[in-house]
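K.L.:
I'd like to go over a predicted model; first the sequence, then the structure.
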Amino acid sequence: QVQLVESGGGLVQAGGSLRLSCAASGRDFSSVAMAWFRQAPGKEREFVAAISWSGDSTYYADSVKGRFTISRDGAKNTVYLQLNSLKPEDTAVYYCAVKLLMSGSYYDALSYDNWGQGTQVTVSS
């Protein structure tokens, strides 16, 4: 059974940084893509960033490009999201997800098969 556990969220001032972690267990994750999505109150869940199974390819939403960095540690079955230059509009619950199949868009939540419980990120102005 796949389990994804996010950590690292918190309260930070605008301009600050956070590092989110997602620890995965329950299968071999060396050949799957992983991603981060977020959902703010009253809004739909939106794509933030994704990384291919090899780690060679990364994908970002325009709103976070240049500020956020996704990475993965295969040995630890962990994916990270470094959040820099945070803005109040980045406030949301951040979710980790796993995409088991090669098909499907990295940007579409429907392409992902397993989700974590989420970690809250709050950015104060």
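P.N.:
Yes, it's here.
K.L.:
distance-wise, check the most centrally placed residue in the chain relative to Ser125.
P.N.:
Residue closest to the average C-alpha location in the chain (Cα atoms, centre = their mean): Trp36, at 1.9 Å. Going from Trp36 to Ser125 by Cβ to Cβ, to the nearest Å gives 23 Å. Glycine gets a C-beta too; all of them are placed from N, C-alpha and C.
K.L.:
count the neighbours of the residue nearest to Gln120 when sequence neighbours are not counted for me.
P.N.:
Nearest residue to Gln120 in three dimensions, chain neighbours excluded: Gly9, at 4.8 Å (Cβ to Cβ, 6 or more residues apart in numbering). By other Cβ atoms under 10 Å, 19 other residues sit near Gly9.
K.L.:
name the nearest residue to Ser7, sequence neighbours excluded.
P.N.:
Leaving aside its chain neighbours, Ser7 sits nearest to Ser21 (5.1 Å; criterion: Cβ to Cβ, 6+ apart).
K.L.:
whoops, Thr78 was the one
P.N.:
Spatial nearest neighbour of Thr78, excluding adjacent residues (Cβ to Cβ, 6+ apart): Ala23 at 5.2 Å.
K.L.:
so which bits of whichever strand or helix holds the residue nearest to the centre of the chain are buried?
P.N.:
Under the criterion of DSSP states H and E, Trp36 resides in strand 33-39. The neighbour-count check on strand 33-39 (16 or more other Cβ atoms under 10 Å) flags Ala33, Met34, Ala35, Trp36, Phe37, Arg38 as buried.
K.L.:
across the sheet, point out what pairs with the second one.
P.N.:
Pointing back at Met34 there. Taking DSSP bridges as the rule, Met34 bridges to Ile51, Val98.
K.L.:
might one say that it is in contact with Val98?
P.N.:
Yes: with contact defined as Cβ atoms under 8 Å, Met34 and Val98 form a contacting pair (5.6 Å).
K.L.:
what touches both of these two?
P.N.:
Shared contacts of Met34 and Val98 (Cβ atoms under 8 Å, 6 or more residues apart in numbering): Ala24.
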